[in-house]
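Chemist: model the structure of this input:
(one chain, ligands or ions: 1)
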Amino acid sequence: MTERCQAETDQAYESAVKVEQEYVSRLYARLDALRDHNRSALRAAYAQDSGGYAARMEREATTGERLGRLVQLSSVENGLCFGRVDQHAVDGVAGETLYIGRIGLRDEDHEPVLIDWRAPAARPFYAATPTAPGDLVRRRHLHVRDRTVVGIDDEVFDLDRLPESDRDSLVGEAALLATLRQARTGRMGDIVATIQAEQDRVIRASLPGALVVQGGPGTGKTVAALHRAAYLLYTHRSTLERRGVLVVGPNSTFLRYIGQVLPSLGETDVVLTTVGELYPGVRAEAVDSPESAVVKGSPRMVGLVEGAVADRQRVPDGDLVVTADGTTLRVDHATCAHLRDRARGLGVPHNKARKLFVNEMLWELARAQNDQMERSLREVEEAEGLLDHEDLPELENPDAALRTEEDTAHARETLWADPAVRAAIDDLWPLLTPERLVAELLSDPHRLASATAEAAAAPGGAELAPEEWCSLLRPPDAPWTVGDVPLLDEAAELLGEDDSEERARERAEERRRREEERYAQGVLEVTGLVEDGLPADDLLDTARLAERHRDTGPALTTAERAAADRTWAYGHVIVDEAQELSKMAWRVVMRRVPTRSLTVVGDLAQTGNAAGARSWREVLERYVHDRLHEERLLVNYRTPAEIMAVAADVLREVAPEQEPPESVREGDSLPRALHVAPGALARELPALVEAELATVAEGRLAVITPAGRHAEVAGLLPQATAEVTPDVLDRPLAVLTPTQSKGLEFDAVVTVDPAGILATGPTGGHDLYVAITRATRRLTVVHEGELPSMLGRLAHE
Ligand SMILES: Nc1ncnc2c1ncn2[C@@H]1O[C@H](COP(=O)(O)OP(=O)(O)OP(=O)(O)O)[C@@H](O)[C@H]1O
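Modeler: You can find the predicted model right below:
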């Protein structure tokens, strides 16, 4: 290009940027005006006197709505508008130009000036391709920083139809590549500006049924699933707002990693959780050994938990003998068996059936007590020669001898207050919490053996092999594992609510109050309602705001109510890293979504859980039947081609039936293998990590090591912490196991001891595949022994 041409192009580009700047400035002015309007309306509403109940309810509803809008308007500040589409002229009538943004805006005359990215009108922005441009002449990406347009990118689908004046301002660099080259921050960002056509299909798929998204590492499964949540809430707001959307991720670090995406899209009405937290009140993070995971993940556990419950509904070996208030009472063995069978025959959960059992047993004991009393009386009377023959028939019929109903009730009450009676009944049919049942089952070999026997004796029951039930045994104080959660949930179904329901409600209420205050504080900050010097008794203090929005803040209410309620039915559930869920875990998820409206995203080639999925159909078909639709994502947006080539070799070995995704870009450094002499890791690794940290500068580095060497490797690096908590994402360096690194990404990755990762168990190959596909720029594999042959493509140093 000649200098003159270049100058003309630069000038055309500058003037295009100027035009866009004017438009974007108008949009921000409109945003500011709307914020001011909502803020003033909110203040006015808060300042109003409460009035009567109806007025108060109405005001609550209005302020809830206004506040929701204000939160939304405040969360879209960055990248408010990121795109524009120009339609071609039809029959001489000029095509429309639409601006696409995070939310929809209208001007003072109610004319649309910005189209919400989720609206049908925005679809061509994502769906148009050079071969299928629809009615678009051009798609333009706007790069806006702090309200200033810093660049534009054009894709022209039909140069001939583009107005002459616009042709010179075309710019080549794709917005997507610019985004992908940015250094990682430890938090996933949204991709509204650069959603690709194959991802758009996933995001806008219809609500009913189960959508499975299978895709290799870095294909955008997570990010697309999150945008789908936002899309579904926008499109089906009335259905989903009340029931909520649940996103299930693999661990709390991952949830922290993705936690900003939905708020940045203006959506806060989504519950994010892990499988380990799906059972309210338990936060399971520990993982089972592969052997134990396989057993706990097997559907045979349903029978085992049933067996464990049945085992707690006992009949004494002989008669039941209890000493109450100095009197020995006896209920014969056959009666005990009869009472147990009657309670079981009710077909209601254990804790509910217990009520009948306790009542009937107390009645039997009261009768025994009465017999005893009558006998004593008779003995005394006989001894004193006072017995009148006319009394005999009554004594032969002890039922008749139980005087009035009131007497019986009183006798039962007194017996129930006697600790010995209570202990005897509890021993036969205890009140059980799921936590107690499962903890005692897994830590007591006798209970486990007899639950196993009960399970095997049940119709269709299968016996656990000795080595299987041995793998389940653990110390009584062991922490809950992720694999325990489905057992707890199963137990909760079989046990039913116990009498501590009330206490649980109180706890939930307290938690809810605290959450509301936290939320209110966030609202005050994000909306700018908090101003310097706001008097302490101002109407807008946190506690009052929380109080006022207790019933009207749908985001908070849904999240809080849903999280505290095991039986909550969500409107839609998204499961990420879904290949990790065992068949037992799927039972828990499915209970949360009776409508089976699901999005399941994962990669069967990355399954690290020995009890995880091998086939989507095998796992899901029994729940959703033919309402299962599968999409595939084939382009890797994370890993450069050079690293993906190494990963593809690994994939060929460990999951040859899976296709490796194709990388969208090339990297600027070759992935390499570094041999370290045995015993020299302590000396060499810190220096390598220092050098990598310097290379990634502001970016992030992960050292990924076999689980068995995590503590050792973390101990070698002064910048690392031994314990992995979600705030590891805030530091430049994280030392992780392959399981902990799942779903995350880093500018550079150092994988230590690949042979050790391969040897960790049946899914070691999948773990290695995960470990080497986390990098966006640089990969170094450190090996002390032979480099596994599947990594032969690495450059050697
Ligand atoms: N359309 C896009 N525009 C910009 N960035 C994208 C796009 N699609 C994906 N990415 C980026 O690619 C990276 C990988 O995405 P994501 O984590 O969702 O992939 P994944 O398929 O879930 O990977 P894995 O299976 O390894 O967990 C992220 O940084 C994401 O932001």
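Chemist: show me the protein divided up by domain.
Modeler: For the chain, the TED database gives the domain ranges 1-182, 221-275+566-634, 290-379+407-475, 641-794.
Chemist: what about the stretch 151-300 of the chain, any weak spots by pLDDT?
Modeler: 158-179, 183 (pLDDT under 70).
Chemist: with the chain instead?
Modeler: 1-9, 49-54, 158-179, 183, 385-405, 498-508, 510-559.
Chemist: for it, which residues are neighbours of the ligand?
Modeler: Residues of the chain lying near the ligand by CB under 6 Å from any ligand atom: 176, 179-180, 188, 191, 194-196, 199, 215, 217-223, 603, 637-638, 743, 745, 773. Glycine gets a C-beta too; all of them are placed from N, C-alpha and C.
Chemist: out of the domains of the chain, deepest packed?
Modeler: Stretch with highest mean neighbour count among the domains of the chain: domain 221-275+566-634 (a mean of 21; mean count of other CB atoms under 10 Å).
Chemist: for the nearest residue to Arg627 once chain neighbours are set aside, give me its contacts.
Modeler: Leaving aside its sequence neighbours, Arg627 sits nearest to Gly209 (CB to CB, 6 or more residues apart in numbering; 3.5 Å). By CB atoms under 8 Å, 6 or more residues apart in numbering, Gly209 lies in contact with Arg596, Ser597, Leu598, Val624, Arg627, Leu628, His629.
Chemist: what kind of secondary structure is Ile115 in?
Modeler: Counting by DSSP: H, G, I helix; E, B strand; the rest coil, the backbone at Ile115 sits in strand.
Chemist: ok, now how distant is it from Arg69?
Modeler: Separation of Ile115 from Arg69 (CB to CB, to the nearest Å) stands at 18 Å.
Chemist: what's the answer for Pro430, then?
Modeler: 52 Å.
Chemist: spatially central residue in this structure, please.
Modeler: Val248 (2.2 Å; CA atoms, centre = their mean).
Chemist: and the helix or strand containing Leu211, how far out from the chain's middle?
Modeler: Per DSSP states H and E, Leu211 falls inside strand 210-215. Offset of strand 210-215 from its chain centre (CA atoms, centre = their mean, to the nearest Å): 17 Å.
Chemist: what's the closest residue to the ligand within the stretch 401-550 of the chain sitting at in phi/psi?
Modeler: Nearest to the ligand, among the residues of the stretch 401-550 of the chain, is Val482, at 17.9 Å (CB to the nearest ligand atom). Per-residue torsions, Val482: phi -60, psi -40 (degrees, to the nearest 10).
Chemist: so who does it touch?
Modeler: By CB under 8 Å, 6+ apart, the contact list for Val482 reads Thr274, Val275, Gly276, Ala284, Glu285, Ala286, Val287, Asp288, Ala585.
Chemist: so what's it closest to, chain neighbours aside?
Modeler: The spatially closest residue to Val482, leaving aside those adjacent along the chain, is Gly276, at 4.3 Å (CB to CB, 6+ apart).
Chemist: secondary structure element holding the residue in the stretch 301-450 of the chain that the ligand sits nearest to?
Modeler: The minimum distance from the stretch 301-450 of the chain to the ligand, using CB to the nearest ligand atom, falls at Met301 (27.8 Å). Taking DSSP H and E as the criterion, Met301 maps to helix 300-311.
Chemist: same question for Glu692.
Modeler: Judged by DSSP H and E, Glu692 forms part of helix 681-696.
Chemist: residue contacts, Leu304?
Modeler: Counted by CB under 8 Å, 6+ apart, Leu304 has contacts Leu441, Ala451, Thr452, Ala455, Leu464.
Chemist: can you name the next helix or strand after the helix holding Glu692?
Modeler: strand 701-704.
Chemist: for the helix or strand following that following strand, packing partners?
Modeler: For strand 701-704, the succeeding helix or strand toward the C-terminus, using DSSP H and E, is helix 710-716. If you count contacts as 3 or more CB pairs under 8 Å, 6 or more residues apart in numbering; DSSP states H and E, helix 710-716 packs onto helix 681-696, strand 733-736.
Chemist: now those in TSV, with distance to Arg422?
Modeler: TSV is the format used below for these (distance: least, CB to CB, whole Å):
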stretch	distance to Arg422
helix 681-696	61
strand 733-736	50
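Chemist: sorry, back to before: relative to Glu267, which of the contacts of Gly209 is nearest.
Modeler: Proximity of the contacts of Gly209 to Glu267 was ranked by CB to CB; the top entry is Ser597 with 17.1 Å.
Chemist: let me know whether the closest one touches Val573 as I believe.
Modeler: Yes: taking CB atoms under 8 Å as the definition, Ser597 is a contact partner of Val573 at 7.4 Å.
Chemist: may I have stretch 233-252 as PDB, with CA atoms only?
Modeler: Extracted in PDB, the C-alpha atoms of stretch 233-252 (Å, rounded to 0.1, in the frame of the first residue of the first chain):
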ATOM      1  CA  LEU A 233     -33.600 -16.100  31.900                       C
ATOM      2  CA  TYR A 234     -34.100 -13.400  29.400                       C
ATOM      3  CA  THR A 235     -36.300 -15.400  27.100                       C
ATOM      4  CA  HIS A 236     -38.300 -17.400  29.700                       C
ATOM      5  CA  ARG A 237     -38.100 -14.900  32.600                       C
ATOM      6  CA  SER A 238     -41.600 -15.600  33.900                       C
ATOM      7  CA  THR A 239     -41.100 -19.400  34.000                       C
ATOM      8  CA  LEU A 240     -37.600 -19.300  35.400                       C
ATOM      9  CA  GLU A 241     -37.500 -16.400  37.800                       C
ATOM     10  CA  ARG A 242     -39.700 -18.100  40.400                       C
ATOM     11  CA  ARG A 243     -38.100 -21.500  40.200                       C
ATOM     12  CA  GLY A 244     -34.500 -20.400  39.500                       C
ATOM     13  CA  VAL A 245     -31.700 -21.700  37.500                       C
ATOM     14  CA  LEU A 246     -29.000 -24.000  39.100                       C
ATOM     15  CA  VAL A 247     -25.500 -24.300  37.800                       C
ATOM     16  CA  VAL A 248     -23.500 -27.300  39.200                       C
ATOM     17  CA  GLY A 249     -19.700 -27.100  38.800                       C
ATOM     18  CA  PRO A 250     -16.900 -29.400  39.900                       C
ATOM     19  CA  ASN A 251     -15.500 -27.500  42.900                       C
ATOM     20  CA  SER A 252     -15.500 -24.200  44.800                       C
END
